[in-house]
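Novice: this one's sequence-less:
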């Protein structure tokens with residue numbers, strides 16, 4: 001709470017000292033704070049350009065072109081070229097630069113636009129190399145605006161790649177450059193934001209707050225401040241001030257009602273992450289899915305990768321593991337393509353969490369190890385600590401307390417060091433006098449937990465015999481589970497009404513039938529469907545329809561011999577497999593079954609005698625029936641022909657005329673044999 005009070009106090013002081021409410025955005029029902037500080041020509045032009053872009057894009061384009069033509073500095077022209085590139089890209093139009101008589105500048109601008117395009121496509125290494133090459137050119141020319149522009153691009157791009165410490169070098173240099181330029185061409189409200197983001201990502205809350213205040217002070221009067229709301233909301237989330245964080249983020253979403261899909265997706269992602277932290281998985285999934293839909297329209301690879309990672313975590317939290325696995329694998333694959341080690345490490349940890357939730361410790365252990373290796377490779381202490389704690393938990397679940405204690409010791413050591421740094425930064429940033437006490441309390445807890453683990457290991461040496469008993473009990477439980485599963489599968493294999501095999505079971509059994517041993521024997525597949533069965537249900541009721549199904553099943557079963565199969569495919573459709581039938585007897589057997597159905601009656605619920613007929617389709621073959629799916633397609637067409645012929649008849653799928661596509665005859669599914 002003290003964190004929140006201090007943050008709110010700073011923002012309040014800033015807003016009251018330097019800001020006023022913009023009347024142009026009152027329709028959003030959310031205040032937009034702006035500065036009363038003295039302005040400069042370049043700041044005024046940037047503010048006017050943004051305002052014109054919102055109301056008259058054609059005039060804004062004319063502003064860019066006019067200023068571009070009148071500029072002589074390479075840095076100024078590059079900045080305007082970046083705005084032209086953004087303008088055209090947002091309208092799905094290509095932009096490769098503007099023709100110039102200055103070949104030296106023309107090559108620089110072409111390389112700059114190429115680097116922007118590669119960065120937008122997630123080709124970060126190539127884009128970064130392009131920016132660095134151009135930065136060296138600007139430094140050799142002593143072009144202050146050009147240097148600041150390239151440092152801004154590097155700061156922004158490296159932030160996006162989660163290479164925060166590397167980005168800090170360029171962000172700090174950019175901030176220094178802005179102080180040295182009296183009237184910078186680059187808008188401070190854009191540059192300060194990426195600098196504040198970098199401080200925030202590195203947990204330097206004091207510097208982040210200072211820069212956010214600077215951003216508020218220089219923000220153009222009357223323009224959308226939703227981005228600042230989004231950033232402050234995320235900062236409050238880091239400080240676990242969830243309710244106030246939600247207010248800022250929802251305010252940002254309202255302000256971005258008419259903004260681009262990319263801007264709305266950013267706030268939805270922030271809200272989703274907030275709800276995920278509070279274990280409100282349904283709300284998190286809703287906002288992640290909304291963000292994913294918005295991002296898909298702009299093909300923003302980095303944002304989609306992050307959103308898939310969030311969806312994987314949210315579905316794991318909701319125990320929907322199939323969907324969780326799909327999204328996490330997508331995120332892992334995208335992170336490799338983007339060379340983003342932070343997303344990849346988070347994906348490994350999230351997949352490990354998912355497997356641990358599913359009680360699959362071996363798989364969980366494998367991904368946790370990969371997360372640790374990658375975190376150590378890129379020296380990310382935060383993720384090293386998370387990986388070590390994950391490994392400790394998994395080894396503890398496996399009963400390997402020695403390894404669990406080893407990883408927990410490493411985790412405690414790193415965590416203590418990290419918490420020392422984090423608490424010092426929090427103390428400097430938030431001015432909390434009791435931060436040191438909280439740190440000591442946390443360290444005491446970690447030390448106490450380590451002692452408990454050590455005692456557990458010592459006790460383990462004296463209690464090994466108990467684990468043997470546990471293993472025996474687990475084996476018994478596993479055996480019982482297997483027995484129960486077999487019973488459940490057996491029940492699922494039988495149709496409850498007709499006592500015939502279920503659809504899945506009859507197909508499985510038919511596919512296992514081997515080729516006939518004798519040359520004078522054949523398998524006979526029969527597909528039958530009751531005629532006008534719906535009429536029975538409509539006129540006599542569904543109970544009578546059930547009686548009809550039971551009656552038909554009883555009649556068929558009477559005419560089957562041992563080893564022959566009978567199953568209900570669904571509704572009033574049945575399948576039979578007659579085995580070891582002589583070719584001369586095939587038709588006779590099928591007609592016998594057909595007659596058994598059509599010649600008998602059954603009683604309705606009202607004791608009225610009723611009769612039901614059936615349409616038959618059959619085929620005979622001596623081959624194995626593993627290709628039942630293809631055979632079923634033939635039979636189904638034949639059954640359709642039987643229905644077309646007037647029902648209550650028999651169709652030989654191989655010999656009677658059937659209107660089938662040519663492709664069915666061209667496939668060597670089975671070798672037809674004359675009955």
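Specialist: In hand now; what should we look at? Predicted, not measured: the structure shown is a model, and the values here were computed from it.
Novice: Find me the pLDDT at residue 556, would you?
Specialist: Looking at residue 556, its pLDDT stands at 94.
Novice: That one: neighbour count?
Specialist: When neighbours are defined as other CB atoms under 10 Å, residue 556 has 21 of them. (C-beta placed from N, C-alpha, C; glycine too.)
Novice: Confirm it sits in a helix?
Specialist: Yes: residue state for residue 556 (DSSP: H, G, I helix; E, B strand; the rest coil) corresponds to a helix.
Novice: Can you give me every residue that contacts it?
Specialist: Neighbouring residues of residue 556 by CB atoms under 8 Å, 6 or more residues apart in numbering: 566, 574, 576, 593, 596, 597.
Novice: mind giving me CSV with those and columns for pLDDT?
Specialist: Formatted as CSV, the contacts of residue 556 follow (pLDDT from 0 to 100):
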residue, pLDDT
566, 95
574, 96
576, 95
593, 94
596, 92
597, 92
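Novice: Of those, which belong to strands?
Specialist: Judged by DSSP state E, the subset of the contacts of residue 556 located in strands is 566, 574, 576.
Novice: between the contacts of residue 556, which is closest to residue 125?
Specialist: residue 574 (63.2 Å; CB to CB).
Novice: ok now do that closest one, which residues does it touch?
Specialist: For residue 574, the contacting residues are 500, 527, 528, 529, 552, 553, 556, 566, 567, 568, taking CB under 8 Å, 6+ apart as the criterion.
Novice: Buried ones from those residues, can you make that a ChimeraX selection?
Specialist: Typed into ChimeraX, the line below selects the buried ones among the contacts of residue 574, using 16 or more other CB atoms under 10 Å:
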select :500,527,528,529,552,553,556,566,567,568
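Novice: any idea which of the contacts of residue 574 is closest to residue 226?
Specialist: When the contacts of residue 574 are ranked by distance to residue 226 (CB to CB), residue 568 comes first, at 60.3 Å.
Novice: returning to that earlier point: let's see which of the contacts of residue 574 end up in strands.
Specialist: 527, 528, 529, 566, 567, 568.
Novice: any idea what sits nearest the first one, other than its immediate chain neighbours?
Specialist: If you skip the residues right next to it in sequence, residue 527 has residue 635 as its closest partner in space, 4.1 Å away by CB to CB, 6 or more residues apart in numbering.
Novice: Can you tell me the number of residues neighbouring the one you found?
Specialist: The local packing count at residue 635 equals 22, with neighbours defined by other CB under 10 Å.
Novice: related to what we said a few turns ago, could the ones in strands among the contacts of residue 574 be laid out in a markdown table, adding distance to residue 69?
Specialist: Formatted as a markdown table, the entries for the ones in strands among the contacts of residue 574 read as follows, by distance: CB to CB, whole Å:
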| residue | distance to residue 69 |
| --- | --- |
| 527 | 79 |
| 528 | 83 |
| 529 | 79 |
| 566 | 86 |
| 567 | 81 |
| 568 | 80 |
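Novice: Now the two most distant members of those.
Specialist: Taking CB to CB, the two most distant members of those are 529 and 566; they sit 14.6 Å apart.
Novice: Hmm, the residue nearest to residue 527 is touching residue 653, no?
Specialist: Yes: taking CB atoms under 8 Å as the contact criterion, residue 635 and residue 653 are neighbours in contact, 5.5 Å apart.
Novice: Overlap of the contact sets of these two?
Specialist: With the criterion set as CB under 8 Å, 6+ apart, the overlap between the contacts of residue 635 and residue 653 is 617, 618, 619.
Novice: quick revisit: of the contacts of residue 574, which is the nearest to residue 464?
Specialist: residue 567 (52.4 Å).
Novice: what about the closest residue to residue 188 other than its chain neighbours, distance to residue 204?
Specialist: The spatial neighbour of residue 188 that comes closest, neighbours along the chain excluded (CB to CB, 6+ apart), is residue 218 at 4.3 Å. In this structure, residue 218 lies at 20 Å from residue 204, with CB to CB, to the nearest Å as the measure.
Novice: what does residue 268 give?
Specialist: Using CB to CB, we find residue 268 at a distance of 27 Å from residue 204.
Novice: could you point out which element follows the strand or helix carrying residue 267?
Specialist: Counting by DSSP states H and E, the element that carries residue 267 is helix 261-277. If you walk from helix 261-277 toward the C-terminus, the next helix or strand you reach (DSSP H and E) is helix 281-296.
Novice: angle of the following helix or strand past that following helix against helix 281-296?
Specialist: Sequence-wise, the next helix or strand beyond helix 281-296 is helix 301-317, with elements assigned using DSSP H and E. Computed by axes from the mean of the first three to the mean of the last three CA atoms, to 10 degrees, the angle separating helix 301-317 from helix 281-296 equals 160 degrees.
Novice: Between helix 261-277 and helix 301-317, find me the angle.
Specialist: Here helix 301-317 runs at an angle of 30 degrees relative to helix 261-277 (the same axes, to 10 degrees).
Novice: helices or strands up against helix 301-317?
Specialist: Using 3 or more CB pairs under 8 Å, 6 or more residues apart in numbering; DSSP states H and E as the contact criterion, the neighbours of helix 301-317 among helices and strands are helix 261-277, helix 281-296, helix 321-338, helix 341-357.
Novice: Name the residues of the first one that are buried.
Specialist: By neighbour count with 16+ other CB under 10 Å, helix 261-277 contains the buried residues 263-276.
Novice: farthest residue from the center of this protein?
Specialist: When distances are taken from the C-alpha mean of the chain, residue 584 lies farthest, 60.0 Å away, according to CA atoms, centre = their mean.
Novice: that's a strand at it, yeah?
Specialist: No: judged by three-state DSSP, residue 584 forms no part of a strand; its state is helix.
Novice: For residue 519, see how far away it is.
Specialist: Using CB to CB, residue 584 is found at 14 Å from residue 519.
Novice: Could you pull up the contacting residues of residue 380?
Specialist: The contact partners of residue 380, taken as CB under 8 Å, 6+ apart, are 341, 342, 345.
Novice: between those, which has the most around it?
Specialist: With neighbours defined as other CB under 10 Å, the most crowded of the contacts of residue 380 is residue 345; it has 26 neighbours.
Novice: separation between residue 505 and residue 493?
Specialist: Residue 505 sits 4 Å away from residue 493 when distances are taken as CB to CB.
Novice: Settle it for me: which of those two has more neighbours?
Specialist: Each of residue 505 and residue 493 has its neighbours counted (other CB under 10 Å); residue 505 has more, 19 against 15.
Novice: Please tell me I have it right and the more buried one contacts residue 490.
Specialist: No: here residue 505 lies out of contact with residue 490, judged by CB under 8 Å, at a distance of 9.5 Å.
Novice: tell me how far the ends of stretch 118-126 are from each other?
Specialist: Using CA to CA, to the nearest Å, the span of stretch 118-126 from its first residue to its last is 7 Å.
Novice: and that stretch, which residues are buried?
Specialist: Judged by neighbour count (16+ other CB under 10 Å), stretch 118-126 contains these buried residues: 118, 119, 120, 122, 123, 124.
Novice: Among those, name the ones in helices.
Specialist: With helices defined by DSSP state H, the entries of these inside them are 118, 119, 120, 124.
Novice: Nearest to residue 297, out of the residues you listed: which one, please.
Specialist: If you rank these by distance to residue 297 using CB to CB, residue 120 comes first, at 14.4 Å.
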